[in-house]
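what's the 3D shape of this:
(one chain, ligands or ions: 1)
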Amino acid sequence: MLDINRVKFLKGITFAFLHLVVFALICVACGQDYNSNSSDDHLGANASSACTTNAQKRLCEAQQIIGDHCKSCHSGWTIYTSDDAWIRSGLVSAGSAQASKLITNLKNAGGSMPVGSDTLSQEEYQALVDWVTQIKVQ
Ligand code: HEC
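A predicted model of the protein is given here:
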């Protein structure tokens, strides 16, 4: 009797374990899917924004830098996919790097971002500054 229960228990455990493995594999697959999308994105920020005009190219480049260095913590920023959305977020002020928290919080500008990792390169910093500075004030 006890042995049968033990066999059942072991079967149960094995079954649960297999589920876990399958689930883990699915998760990995999702992750890869997401990553391959976001690397398409890295020029496009997302499917809905093209990187054709100079203004779009600046946004695309900024999105890539932010994706690379900020979104591990600021995952909520994924919803900002246009200049307008960034302005509405309050983190970007059109035409002014000094008035944009996204810029002034950077280590490059005397702030503390990105926390726990290297200061953005001068090129990356400049790309963000160029993007913000050249957004047309409405
Ligand atoms: C390791 C995690 C981490 C990374 C990476 C990171 N941040 Fe942050 N960030 C935080 C935390 C935590 C806060 C809130 C506390 C604070 O202000 O220090 C914050 C706050 C901010 C704020 C203020 C937000 C507000 O609403 O006032 C800005 C702007 C900001 N981060 C910009 C950036 C930028 C730009 C990057 C990428 C270059 C970045 N952060 C990368 C953790 C991170």
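
is it true that Cys51 touches Arg58?
No: using Cβ atoms under 8 Å, Cys51 makes no contact with Arg58, being 9.3 Å away. Where you see a C-beta, it was placed from the backbone N, CA and C, and this is true even at glycine.

Verify the assumption that Ile66 is located in a strand.
No: judged by DSSP: H, G, I helix; E, B strand; the rest coil, Ile66 forms no part of a strand; its state is helix.

Would you check how far apart the residue nearest to it when sequence neighbours are not counted and Gln122 are?
Once flanking residues are discounted, Ile66 sits nearest to Trp77: 6.5 Å by Cβ to Cβ, 6 or more residues apart in numbering. With the distance defined as Cβ to Cβ, to the nearest Å, Trp77 ends up 23 Å from Gln122.

out of these two, which sits in the busier spot?
Neighbour count, other Cβ atoms under 10 Å: between Trp77 and Gln122, Trp77 has more, with 18 against 9.

The strand or helix carrying Gln56 and the ligand, are they touching?
Taking DSSP states H and E as the criterion, Gln56 maps to helix 54-69. Yes: applying Cβ under 6 Å from any ligand atom, one finds that helix 54-69 is in contact with the ligand at His69.

Now that helix: buried residues?
Within helix 54-69, the residues that count as buried by 16 or more other Cβ atoms under 10 Å are 56, 58-67, 69.
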